[in-house]
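Peer 1: Just need the structure, nothing else, for what follows:
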Amino acid sequence: MKSRQMLLVVGMLVSITLPYRAMALVRDEGASLYARTLLEQINLYRQDNGLGPLRFDANLIRLARHHSFEMFRQKMLSHRNFDERFERADSRMCVENVGWNYRTPLKLFDGWRRSSGHNQNMLKEGVTRVGIADVGTYVTFFACQ
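Peer 2: Coordinates of the predicted model:
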């Protein structure tokens with residue numbers, strides 16, 4: 001009986017600590033709660049598809065934040081100046097998703113998951129660093145190698 005209880009306790013601890021490990025990857029670099037929640041969902045999705053997690057990068061967050069601010073200021077969803085962000089990322093490969101008017105990060109994630117191009121970006125092999133920023137209702141996901 002004791003071994004069964006011990007197994008149950010160990011199983012509960014594993015199930016409790018796994019989500020916290022995923023969350024630990026997103027609690028840094030000054031990202032918003034919206035961005036941290038979105039990254040947590042993306043990382044779980046990547047894990048389900050056999051890919052490694054993305055980690056916040058302060059430089060990529062700054063680039064994403066600036067782009068989200070520009071979209072907010074112009075009131076227009078766009079990938080304008082992607083080449084500049086790519087150059088400033090100091091990377092050989094970057095992908096970007098943008099979103100607008102999704103009240104929750106989970107709804108935005110579901111929208112991106114249902115869109116072929118956005119889905120491919122979330123599941124891009126080789127990217128390891130990410131910046132996610134929301135300004136108003138504009139969101140930028142910018143991930144690089």
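Peer 1: And the pLDDT for residue 5?
Peer 2: Looking at residue 5, its pLDDT stands at 45.
Peer 1: tell me the secondary structure for the residue nearest the centre of the chain?
Peer 2: The residue lying closest to the centre of the chain (C-alpha atoms, centre = their mean) is residue 39, at 2.9 Å. Under the three-state scheme (DSSP: H, G, I helix; E, B strand; the rest coil), residue 39 adopts helix.
Peer 1: my read: it touches residue 31, true?
Peer 2: Yes. At 7.3 Å, residue 39 and residue 31 qualify as touching, with contact defined as C-beta atoms under 8 Å. C-betas here are computed from N, CA, C, even on glycine.
Peer 1: how far away is the residue nearest to the centre of the chain from residue 64?
Peer 2: When distances are taken as C-beta to C-beta, to the nearest Å, residue 39 and residue 64 turn out to be 11 Å apart.
Peer 1: what does residue 35 give?
Peer 2: In this view, residue 35 and residue 64 are 8 Å apart by C-beta to C-beta.
Peer 1: Now the common contact residues for those two.
Peer 2: By C-beta atoms under 8 Å, 6 or more residues apart in numbering, residue 35 and residue 64 have these common neighbours: 132, 133.
Peer 1: Quick check: which ranges of this structure have low pLDDT?
Peer 2: Low-confidence segments of the chain (pLDDT under 70): 1-28.
Peer 1: how many other residues sit next to residue 30?
Peer 2: Here the number of neighbours of residue 30 (other C-beta atoms under 10 Å) works out to 11.
Peer 1: Could you find the closest non-adjacent residue to it?
Peer 2: Nearest residue to residue 30 in three dimensions, chain neighbours excluded: residue 61, at 6.6 Å (C-beta to C-beta, 6 or more residues apart in numbering).
Peer 1: That neighbour contacts residue 131, correct?
Peer 2: Yes. Here residue 61 reaches residue 131: they are 4.0 Å apart, a contact under C-beta under 8 Å.
Peer 1: So for these two, which sits in the more crowded spot?
Peer 2: More crowded of residue 61 and residue 131, by other C-beta under 10 Å: residue 131, with 31 against 23.
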